[in-house]
Every structure is written in structure tokens, then in C-alpha cells.
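In: Just to be clear, the model below is a prediction. Sequence and coordinates:
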Amino acid sequence: MKTSARFTISTFAAALLGLAAASSVHAVPVISNGGFEAGFTSWTRADQTGSEGTFFLQSGTTSPVNGDPVPAPPQGTTAAMTDAPGPGSHVLYQDFLVPTAGAATLSFALFIGNRGDRFSTAVSLDFSTPALNQQARVDIVRSTADPFSVAAADVFLNLYQTKPGDPLISGYNTITTDITALLAAHVGETVRLRFAEVDNLAPFQVGVDNVSINAVNAVPEPASTLLLGAGLAALFGCRIGTRSRRERV
């Protein structure tokens, strides 16, 4: 009977501690509607004045305006994709509040469909510049910055950028980046995830899908703390009860 009582108490304590630990570490949703299945809900589109085209919702295997061949969305039935009959500069972004988190990664699927013969990376997102500007980039930027800013003070982290010599057309590739340090430096702030494309050489489709930030909350929740406290109190009570029975015997 004594062995059974000890086993019961130990098992209860182990289960309780495991539950408390599991409850205090969990994934925190940060980006909303990352698959664009709800259209552009939670996202904002911006186009430079004078641009042709924008980010469209895309499904199937043709681009939204020019009908160029493109891969089907990698997740669900809808992706976001730029397309236009003429030059322009286009931005798609979502602002989010940086949580208190442990490890965090950002991932997204990106399609590049450059119908020109090169990438030309100017130090701007201005399509009206006399210089060729045919590029795509993904950044985490200051939420108060101009949507088209590439100033060092506004760009916290560049996640992706096309470069001269890159393949002109590529299927959807998943790009994953560890952003633990960046989020830790901006806890409680609102920052912006931005997808940008500029073209003044030839039509250019950039597809975006399956966007997510996987952040693990490592801060114990109040409920977990209360649960652990109640469990330890119950465990202490069981130990006192067991000792009192032994003393009476």
C-alpha cells in the first residue's frame, strides 16, 4: 500500500509538471491570412503613382493580366501575384505586433517570373528612374516608413532580393529565415513584412503564398503558473497525509 501511494503521488507530480511545461510554451500566430484564401484581408497593396498593374489574386496556371504561364499556387487555390501590361512598382505588406517569443522563423513561398532578359537592381523601388530597375525583394521594415523606402534606417532585415545573373523564371520556392534576434530587438513594437516588385524593362510576375511566422512563446501563462501551484499544494497535502498514516500505524 505504501509503494502504491508513493507511485501514485510521483506519477501525478510528473504529469502535472509536464502539463504545466507544455502549457507555457506554444506557437504564437503572427501573420494572418498567409495563404490569401480570404483574399487580401489583413494585407495592404500599394502601387507607385503612374504604375500599371498591381498585386492580384491568382489561381490556376496563367498570370492574372498577361496570361503568361505560371505555376499553380503551392497552398490552397489562391496566391498573390503581380502582373501588368506596362511598367510599375508594387508593394504588398502586412503590419504585425512583435510578440514576446523564443525561437522564431519566417517562411514564404515565392515565384519569380521575369519576362525580360536580366535583373537590374537599382538602389530604389522607383520604376520611373532612367536606369533599368527590374527586381523583387522581401523585407521587414519600420511600420511608419514609406511603403517603397529602402533606406537603411527603415529596413530592419532584407529576407530576399533578386540579383543580376539569377534565373529569370523559377517555380515557387520556400524561403525560410531565422528572425529570432530581430523579434527580440523589437518586442512590443509593430513592424512590417513587405513584398516588393519593380519593373521598367519587361513584364514581371512575382507570386507570394504560404506566408507564416512561427514564433514559440516561452513565457509561462498565468493559468500554467496557477495550475502548477495548485498541483504542488495537492502533492504536499498528499505527502502530509501519507506521513500521518504511517505515524499512526
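Out: Now that the structure is in, tell me what you want to look at.
In: and the longest strand along the chain, which strands flank it?
Out: In the chain, ranked by residue count with DSSP state E as the criterion, the top strand is strand 204-217. Using DSSP bridges, strand 204-217 pairs in its sheet with strand 26-29 (antiparallel), strand 79-83 (antiparallel), strand 104-114 (antiparallel).
In: low-confidence ranges in this structure?
Out: By pLDDT under 70, the low-scoring segments of the chain are 1-28, 218-249.
In: in it, which spans are helices?
Out: Remark: helices assigned in the chain by DSSP state H are 2-24, 180-185, 222-248.
In: Go through stretch 158-171 and flag the buried ones.
Out: By neighbour count on 16 or more other Cβ atoms under 10 Å, the buried set for stretch 158-171 is 159, 162, 168. Where C-beta positions appear, they are placed from N, C-alpha and C, glycine not excepted.
In: Can you pull the domain assignment for this protein?
Out: According to automatic domain parsing, the chain comprises the domains 24-217, 223-249.
In: Deepest in the core, which of these is it.
Out: For these, the largest average neighbour count (mean count of other Cβ atoms under 10 Å) is found in domain 24-217, namely a mean of 18.
In: Could you tell me which of the buried residues of stretch 158-171 belong to strands?
Out: Judged by DSSP E, those include residue 159 as members of strands.
In: Isn't residue 39 up against residue 57?
Out: Yes: Residue 39 is in contact with residue 57 according to Cβ atoms under 8 Å; the separation is 6.1 Å.
In: overlap in contacts of the two?
Out: Applying Cβ atoms under 8 Å, 6 or more residues apart in numbering, one finds that residue 39 and residue 57 are jointly contacted by residue 78.
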